[in-house]
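Return a 3D structure for these sequence lines:
(one chain, ligands or ions: 1)
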Amino acid sequence: MPELPEVETVRAFLDNAVRGKRINSIRVFYPRLIEGDPNEFITLPIGKRIERMQRKGKWLKFALEDGLAIYSHLRMEGKYFLGTPNHPERKFDFAEFDFDDGTALYYNDQRKFGRMSLVKQGEHSPFDELGDEPWDKDPSILVRDLSKRKDTIKQAIMDQTVIAGIGNIYADETLFACRINPFEKASSMSLEQCESILKEATRIMRIAIEEGGSTIKSYHPQDGVDGRMQNELLAYGAENRNCPRCGFPMRKVFLAGRGTTYCPICQKKRGRAFVLGVTGPIHSGKSTASKYFVSQGFILFDADACVKSLYEIPKVKSAIKKAFGRLSYKDGKLNKAYVTKKSKDPKYKAKLEAILHPIVIEEAQKLIHVSPENAKILLDVPLLYQSGMDQMCDAVLLVDAEESKRKARLIAEGRDAKAIMEINRSFPLAKAKKKATWVIYNDSTEDDFVAKLKELPLQ
Ligand SMILES: [Zn+2]
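Now for the predicted structure:
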């Protein structure tokens with residue numbers, strides 16, 4: 001999605017391409033593109049000259065004669081192309097502006113999210129709804145704006161009524177530059193931090209404008225025209241790459257549904273302990289890893305132990321009985337064989353997880369909440385990714401071992417290796433390996449394994 005620098009690239013292109021031209025006709029091929037009176041949109045601008053192209057935040061403005069203006073928001077993938085009249089060349093050309101010099105401008109939007117509107121002199125315009133751009137915003141006013149909010153600093157700086165132009169990419173970049181954790185409360189920001197946010201946002205946006213914006217995924221300002229800012233981004237898209245400042249792997253989590261990348265060390269959240277997640281398939285060596293980290297001062301949260309204790313609490317008992325039937329408890333104790341057998345059916349497995357996961361998550365959150373800022377917490381959670389608890393971690397260690405090694409360990413303990421391995425088939429190993437901060441193989445001796453753990457930058 002284009003943000004301020006990308007829209008500025010489009011503005012500069014349009015200013016060069018259409019400024020001074022007179023509009024002969026307008027055609028709209030996708031009515032929902034237009035907000036307001038569709039008839040006025042295609043009639044009032046006829047015969048008017050485009051005096052200049054302006055931009056505020058992510059909005060474009062075609063400033064026409066007589067105080068008329070066409071506002072355009074590109075949203076996800078809106079683009080403009082020059083061409084000749086009556087020749088829409090692309091599938092998603094949704095609007096056509098023909099000019100007196102025999103050229104035409106097409107608006108193209110594969111995702112159909114973009115919007116345009118005609119605004120007459122003196123009428124309320126989309127610009128009126130925007131906060132100042134980073135270089136115009138007064139830091140003390142930003143402090144005041146943020147003090148009233150209930151959300152996080154990342155959400156607040158992406159709110160266009162607070163600061164115009166910052167979206168997901170430049171929010172991550174700005175907060176990284178300022179060493180501010182994206183989950184900090186917006187209302188907790190000091191004047192110094194607000195000054196830093198505006199200064200860094202300005203600096204980063206200026207570079208981005210010089211570089212022609214960022215070309216991320218499918219967004220190109222023009223066919224064959226790519227920005228170069230994506231090469232300069234330090235946080236956005238840098239999941240698991242080492243932080244250029246401190247060397248610790250960058251972490252990607254979701255904040256209000258948006259991918260958010262930050263450094264867990266130099267953007268550490270104030271007052272919150274460091275959280276390491278350990279996961280992996282059964283008998284890969286998670287417990288050895290846990291033991292090692294506990295010996296290094298980590299506070300252990302053992303999800304399996306937590307689950308076991310949950311079966312005893314009345315709320316869980318009645319929920320399981322309701323989902324699995326009377327037989328799920330025998331003499332007041334969980335009928336483990338029965339519940340395990342039934343849980344082979346994905347429907348029942350999902351029911352069980354829906355009962356247990358929220359409580360496990362809540363318990364882990366409680367522990368993190370009451371632990372001091374300098375504490376290190378270890379979440380030993382086999383279902384770390386399935387439960388979404390990876391989102392609570394500053395780093396994740398995935399322990400893996402060859403299947404034959406894991407099987408041999410189970411057999412050596414006299415356990416039913418085949419059945420246990422079967423249960424573990426559902427472990428999303430490929431996904432976990434891709435997302436984990438570190439993957440360590442436990443294929444040799446315990447000493448060798450611990451030596452690998454010692455090398456992690458967690459001391
Ligand atoms: Zn760092």
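
how much space is there between R19 and the ion?
As for R19, its distance to the ion is 44 Å (criterion: CB to the ion, to the nearest Å). In short, each C-beta sits where N, CA and C put it, glycine included.

For the ion, what's the nearest residue on the stretch 301-450 of the chain?
Distances between the stretch 301-450 of the chain and the ion by CB to the ion are smallest at D394, namely 11.0 Å.

ok, that residue - how many residues close by?
Using other CB atoms under 10 Å as the criterion, D394 is surrounded by 24 other residues.

what's near enough to touch it?
With contact taken as CB atoms under 8 Å, 6 or more residues apart in numbering, D394 is in contact with 251, 264, 268, 274-276.

mind redoing it with 6 Å?
264, 274-275 (CB atoms under 6 Å, 6 or more residues apart in numbering).

Of those residues, which is the nearest to R22?
P264 (56.3 Å; CB to CB).

what distance separates the start and the end of stretch 119-129?
Start-to-end span of stretch 119-129 (CA to CA, to the nearest Å) is 14 Å.

Check the offset of that stretch from the chain's centre.
Relative to the mean C-alpha coordinate of its chain, stretch 119-129 is positioned 32 Å out (CA atoms, centre = their mean, to the nearest Å).

which secondary structure elements does the host helix or strand of E362 contact?
In the assignment (DSSP states H and E), E362 maps to helix 346-370. With contacts taken as 3 or more CB pairs under 6 Å, 6 or more residues apart in numbering; DSSP states H and E, helix 346-370 sits against helix 303-310.

What residues of the helix it packs on count as buried?
Buried residues in helix 303-310, defined by neighbour count with 16 or more other CB atoms under 10 Å: 303, 306-307, 310.

what's in contact with it?
316, 356, 359-360, 363, 381.

Please report which of those has the highest neighbour count.
Sorting these by how many neighbours each has (other CB under 10 Å) puts V381 first, at 28 neighbours.

can you tell me how far the residue nearest to that one when sequence neighbours are not counted sits from D331?
In space, and not counting its chain neighbours, V381 is closest to A303: 4.0 Å by CB to CB, 6 or more residues apart in numbering. Summarising the geometry, the distance separating A303 from D331, computed by CB to CB, to the nearest Å, is 26 Å.

for D100, same thing?
For D100 relative to D331 (CB to CB), the value is 90 Å.

Pick out whichever of these two has more residues nearby.
For D100 and D331, the more surrounded residue by other CB under 10 Å is D100, and the numbers stand at 12 against 5.

and that one, what pLDDT?
D100 carries a pLDDT score of 97 in this model.

Ok, the one 5 residues further on next?
The predicted local confidence for L105 comes out at a pLDDT of 96.

One more: L4?
93.

Please apply the same query to H87.
The pLDDT attached to H87 in the predicted structure is 90.

Give me the phi and psi for F97.
Backbone torsions for F97, taken as degrees, to the nearest 10, come to phi -120, psi 120.

Enumerate every residue touching it.
In this structure, F97 makes contact with 23, 26, 105, judged by CB under 6 Å, 6+ apart.

ok, 10 Å please
Contact analysis of F97 by CB atoms under 10 Å, 6 or more residues apart in numbering lists 18, 21, 23-27, 42, 45, 50, 62, 70, 80, 85, 103-107.

now the helix holding E362 against helix 303-310, angle please.
Taking axes from the mean of the first three to the mean of the last three CA atoms, to 10 degrees, one finds helix 346-370 and helix 303-310 inclined to each other by 100 degrees.

got the CA coordinates for the next helix or strand after helix 346-370 in PDB?
Following helix 346-370 in sequence order, the next helix or strand is strand 376-380 (DSSP H and E). Taking C-alpha atoms only, strand 376-380 is exported to PDB below (Å, rounded to 0.1, in the frame of the first residue of the first chain):
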ATOM      1  CA  LYS A 376      13.800 -13.500  31.400                       C
ATOM      2  CA  ILE A 377      10.900 -15.800  30.900                       C
ATOM      3  CA  LEU A 378      10.900 -19.100  29.100                       C
ATOM      4  CA  LEU A 379       7.700 -20.300  27.500                       C
ATOM      5  CA  ASP A 380       8.000 -24.000  27.000                       C
END
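
Sheet-wise, list the partners of strand 376-380 with their directions.
Strand 376-380 has the following strand partners under DSSP bridges: strand 274-279 (parallel), strand 299-302 (parallel).

Report the distance from the helix or strand following that strand to the chain centre.
Once strand 376-380 ends, the next helix or strand along the chain (criterion: DSSP H and E) is strand 395-400. Centre-to-centre, strand 395-400 and its host chain are 21 Å apart (CA atoms, centre = their mean).

tell me the domain boundaries of this protein?
Here the chain is described, according to automatic domain parsing, as comprising the domains 4-127, 139-240+255-261, 274-312+338-454.

what's the helix or strand for the most centrally placed residue in the chain?
Most central residue of the chain, judged by C-alpha distance to the mean C-alpha position with CA atoms, centre = their mean, is G259 at 0.9 Å. Assessed by DSSP H and E, G259 sits inside strand 258-262.

what's the closest residue to the ion within the stretch 351-459 of the chain in contact with, if anything?
Relative to the ion, the nearest point of the stretch 351-459 of the chain is P457 (10.6 Å; CB to the ion). P457 sits next to 242, 246-249, 265, 395, 437-438 when contact means CB under 10 Å, 6+ apart.

how many neighbours does W59 have?
As a burial measure, W59 scores 23 neighbours (other CB under 10 Å).

before we move on, back to that, export the contacts of helix 303-310 as TSV, with columns for distance to A417 and pLDDT.
Listed next are the contacts of helix 303-310 as TSV, based on distance: CB to CB, whole Å; pLDDT from 0 to 100:
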residue	distance to A417	pLDDT
V316	30	93
L356	25	93
I359	30	94
V360	27	95
E363	31	95
V381	23	93
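
Could you dump those residues into JSON lines with distance to the ion added?
As requested, those are arranged in JSON lines below (distance: CB to the ion, whole Å):
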{"residue": "V316", "distance to the ion": "40"}
{"residue": "L356", "distance to the ion": "35"}
{"residue": "I359", "distance to the ion": "33"}
{"residue": "V360", "distance to the ion": "30"}
{"residue": "E363", "distance to the ion": "29"}
{"residue": "V381", "distance to the ion": "25"}
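
Lovely, talk soon.
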